[in-house]
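Chemist: Output the structure for:
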Amino acid sequence: MIEQDTIRLMRQCGLGIKMGISAIDQVYDNVCSDEFKTDLNSCRIAHVKLGNELSGLLKEYGQEDLEPSPMLKGMTKLKTNMSLAMDNSDKGIADLLTDGCNTGIKNLNSYLNKYKAADERSKDITKKLCELEQELVIEMRPYL
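Modeler: Below you'll find the model as predicted:
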């Protein structure tokens, strides 16, 4: 049970990391403020680093990272493109990212509750991702 919950939690966390990186990549070129771009770049680097840590842990369990489903990627890209078409200002981008982060935090906490038997290392990575998402929400406030 511990190993199954650990693998499931890590896979969901990995999907969250990939979706976060993808969201940053999708909006980055539309950002006007240099400071905003710097914040996003720092957040992206932190996501990549955490993703690498997670991949290493998954390999210890003989597992591979999962990729987001094409449907999820497509729907997310569609929502992003629609939001940017309506408002591609820094305010609109900050609003979109804030919503995405809040959804990610909610989902990750749900997975922490669902996979209670997961090992502490996978729980710690998930909590770190929640913290990264929360930090980005805070960094977005001046742009809202």
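
Chemist: for this protein, which residue is closest to the average position?
Modeler: Among the residues of the chain, residue 20 comes closest to the average C-alpha position under C-alpha atoms, centre = their mean, at 3.1 Å.

Chemist: OK, contacts around that residue?
Modeler: Applying C-beta atoms under 8 Å, 6 or more residues apart in numbering, one finds that residue 20 lies in contact with 43, 47, 100-101, 104, 129, 132-133. (Glycine included, C-beta is placed from N, CA and C.)

Chemist: what comes up buried for stretch 38-47?
Modeler: Buried residues in stretch 38-47, counted by 16 or more other C-beta atoms under 10 Å: 39-40, 43-44, 46-47.

Chemist: can you check stretch 21-36 too?
Modeler: Across stretch 21-36, burial judged by 16+ other C-beta under 10 Å covers 21-24, 26-27, 31, 36.

Chemist: How about residues contacting the helix or strand where residue 136 lies?
Modeler: For residue 136, the element it lies in under DSSP states H and E is helix 120-140. For helix 120-140, the surrounding residues in contact (C-beta under 8 Å, 6+ apart) are 6, 9-10, 13, 16-17, 20, 39, 43, 46-47, 50, 53-54, 57, 94-95, 97-98, 101-102, 104-105, 108-109, 111-112.

Chemist: Could I get the average pLDDT for it?
Modeler: Taken as a whole, helix 120-140 carries a mean pLDDT of 96.

Chemist: Please save the CA atoms from that helix in CSV.
Modeler: Extracted C-alpha coordinates of helix 120-140, given in CSV (Å, rounded to 0.1, in the frame of the first residue of the first chain):
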residue,chain,number,x,y,z
GLU,A,120,7.5,11.1,3.5
ARG,A,121,9.8,12.0,0.6
SER,A,122,6.9,12.0,-1.9
LYS,A,123,4.8,14.0,0.5
ASP,A,124,7.6,16.5,1.1
ILE,A,125,8.0,17.0,-2.7
THR,A,126,4.2,17.5,-3.0
LYS,A,127,4.3,20.0,-0.2
LYS,A,128,7.2,21.8,-1.8
LEU,A,129,5.2,22.1,-5.0
CYS,A,130,2.2,23.5,-3.1
GLU,A,131,4.6,26.1,-1.5
LEU,A,132,6.0,27.0,-5.0
GLU,A,133,2.5,27.5,-6.3
GLN,A,134,1.5,29.6,-3.2
GLU,A,135,4.7,31.8,-3.7
LEU,A,136,3.7,32.4,-7.3
VAL,A,137,0.2,33.4,-6.2
ILE,A,138,1.7,36.0,-3.8
GLU,A,139,4.1,37.2,-6.5
MET,A,140,1.2,37.7,-8.9
